[in-house]
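S.K.: structure here, sequence nowhere to be found:
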Ligand code: ADP
Ligand code: ZN
């Protein structure tokens with residue numbers, strides 16, 4: 001849809017949605033009244049900035065049903081966040097909301113080359129987590145043959161992948177990397193499977209990790225983004241040009257703000273992503289602060305889609321570590337590890353000793369690297385520490401550890417242990 005037409009559509013939907021929320025969600029009505037805004041003040045997308053923000057704290061305050069905008073009897077499903085950063089948040093859906101969400105996931109599958117000819121192996125977790133049911137519903141909508149594997153049981157994942165000839169794999173990137181590693185251990189070559197594409201998301205991953213996964217599985221790896229608060233995965237997805245994720249803007253209005261001041265930033269600026277859901281009935285969040293840090297661009301995409309693209313989020317504002325005064329994202333360390341020839345199996349430990357922050361990076365060696373002599377390993381540790389210092393500007397202590405000693409993740413990987421919090 002041409003941009004002008006899209007904006008017109010968004011404006012019409014926004015006006016309706018604000019009225020719906022004002023009428024049915026007393027909590028948000030109060031916030032609007034405190035800000036002195038009425039639904040009549042919102043005549044289109046240009047007025048969006050007048051509305052108050054919502055944050056995860058608001059969702060915790062109104063837990064469980066304080067954001068409900070329709071009678072509970074109209075709802076057909078509840079899902080919940082994975083609780084990566086604290087108490088779980090729940091989301092509720094009408095049948096219309098489920099259809100809308102599955103439509104978004106279906107678009108992601110089609111963008112990755114999926115059709116009714118495909119066999120889609122879904123190994124995101126099923127249950128309260130949105131990953132499994134989202135991609136499952138999307139795959140049904142496309143008409144693909146859906147394998148509802150859920151996460152875990154790697155042996156069975158591999159057996160079904162091979163026997164049933166799965167063509168599209170859906171899971172977290174950390175689990176995709178683990179599957180690649182497990183296939184290799186069992187003597188499979190990347191060309192032995194029938195996979196052509198993977199749709200990986202739910203956690204940050206780097207371009208380096210993408211190349212690794214593409215090589216080990218012999219596929220093209222597509223990024224997919226979403227959060228429970230906006231439905232689940234599928235809010236944004238990559239097309240075949242892999243140059244940022246197209247946001248499903250006909251359903252979700254995106255803004256970038258300065259996380260400190262709340263000021264809306266112009267296109268191309270790096271900041272916090274904020275979403276307004278234009279069509280959701282049961283849980284229609286307006287100006288929801290995701291805490292994910294990214295950049296939006298409207299530059300023309302070669303695929304022909306006109307929807308705005310978001311860069312891979314580097315991580316959430318609350319994933320960012322401040323070590324000796326320097327801002328550090330775990331993804332920066334991951335980039336260096338892969339560039340230096342290590343697999344993305346690592347753990348970052350931050351602590352405090354003698355009033356100074358310490359940074360320890362535990363990195364797993366591959367079996368062929370492990371045969372090195374002790375002095376060989378010390379040399380490698382120093383070299384890697386040097387490369388991380390160049391990237392971050394601070395000195396880490398690198399520990400190369402034996403193969404298989406860092407726990408693998410079937411869902412979202414936990415990479416950071418911040419022990420400083422224990423001393424606070
Ligand atoms: P939780 O906040 O408990 O992890 P969710 O399961 O709803 O809850 O996860 C949503 C979050 O996951 C997003 O806000 C974002 O931080 C992260 N995320 C999801 N997809 C991606 C992706 N493709 N790249 C980076 N981060 C992602
Ligand atoms: Zn595109």
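M.R.: Right, received. Where do you want to start? Values in this document were obtained by computation on a predicted structure and should not be read as measured data. Numbering: from 1, shown residues only. Ligands and ions are numbered 1, 2, ... in the order given.
S.K.: show me the contact partners of stretch 328-340.
M.R.: Stretch 328-340 is contacted from outside by 204-209, 211-212, 314-315, 319-322, 343-344, 346, 348, 359, 361, 363, 383-384, 387-388, 391-392, 394, 396, 415-416, using CB atoms under 8 Å, 6 or more residues apart in numbering. Every residue, glycine included, has its C-beta placed from N, CA and C.
S.K.: next: stretch 200-212.
M.R.: 82, 124, 131, 170-174, 176-177, 180, 213, 221-226, 233, 312-315, 319, 329-331, 334-335, 337-339, 343-344, 411-413.
S.K.: can you flag the buried ones in those?
M.R.: 82, 124, 131, 170-174, 176-177, 180, 213, 221-226, 233, 312-315, 319, 329-331, 334-335, 337-338, 343-344, 411-413 (16 or more other CB atoms under 10 Å).
S.K.: okay, and which of these map to helices?
M.R.: 131, 173-174, 176-177, 180, 213, 330-331, 334-335, 337-338 (DSSP state H).
S.K.: what's the closest of these to residue 166?
M.R.: Nearest to residue 166, judged by CB to CB, of those is residue 176 at 12.5 Å.
S.K.: contacting residues for the closest one?
M.R.: Applying CB under 8 Å, 6+ apart, the residues near residue 176 are 169, 198, 200, 213, 217, 221.
S.K.: for ligand 2, see how far away the residue minimising distance to the centre of the chain is.
M.R.: For the chain, residue 202 is the residue whose C-alpha lies nearest the centre (CA atoms, centre = their mean; 3.5 Å). Distance of residue 202 to ligand 2, given as CB to the ion, to the nearest Å: 21 Å.
S.K.: for stretch 124-142, which positions count as buried?
M.R.: 124-126, 128-139, 141-142.
S.K.: pLDDT weak spots in the stretch 51-200 of the chain?
M.R.: 83-86 (pLDDT under 70).
S.K.: do a quick rundown of the helices in it.
M.R.: 56-61, 95-111, 130-142, 154-163, 173-185 (DSSP state H, counting those that start in this stretch).
S.K.: and residue 304, which of those is closest to it?
M.R.: Using CB to CB, the helices of the stretch 51-200 of the chain put helix 95-111 closest to residue 304, at 11.2 Å.
S.K.: which other helices and strands contact that closest one?
M.R.: strand 75-80, helix 130-142, strand 220-226, strand 233-238 (3 or more CB pairs under 8 Å, 6 or more residues apart in numbering; DSSP states H and E).
S.K.: rewinding a little: can I get the ones in helices among the buried ones among the contacts of stretch 200-212 in CSV with distance to ligand 1?
M.R.: As requested, these are exported to CSV (distance: CB to the nearest ligand atom, whole Å):
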residue, distance to ligand 1
131, 7
173, 8
174, 11
176, 12
177, 14
180, 18
213, 13
330, 11
331, 9
334, 12
335, 14
337, 18
338, 16
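S.K.: A helix includes residue 9, no?
M.R.: Yes - under DSSP: H, G, I helix; E, B strand; the rest coil, residue 9 sits within a helix.
S.K.: which residue is the nearest non-sequential neighbour of it?
M.R.: residue 250 (6.3 Å; CB to CB, 6 or more residues apart in numbering).
S.K.: distance check, that neighbour against ligand 2.
M.R.: In terms of CB to the ion, residue 250 sits 15 Å off from ligand 2.
S.K.: so that residue touches residue 1, yeah?
M.R.: Yes - Residue 250 is within contact range of residue 1, at 7.4 Å (criterion: CB atoms under 8 Å).
S.K.: any residues in contact with both of these two?
M.R.: residue 9.
S.K.: between these two, who's got more neighbours?
M.R.: residue 250 (17 against 13; other CB atoms under 10 Å).
S.K.: got the contact list for the residue nearest to residue 9?
M.R.: Per CB under 8 Å, 6+ apart, neighbours of residue 250: 1, 6, 9, 10, 278, 307.
S.K.: in which helix or strand would I find the last one?
M.R.: Residue 307 belongs to no helix or strand when assigned by DSSP states H and E.
S.K.: ditto for the second one
M.R.: Assigned by DSSP H and E, residue 6 belongs to helix 3-24.
S.K.: output the contacting helices and strands for that helix.
M.R.: helix 26-35, strand 270-277.
S.K.: how many other residues sit next to the residue of the stretch 51-200 of the chain found nearest ligand 2?
M.R.: Closest contact between the stretch 51-200 of the chain and ligand 2, by CB to the ion, is at residue 111 (7.6 Å). Per other CB under 10 Å, the neighbour tally for residue 111 reads 21.
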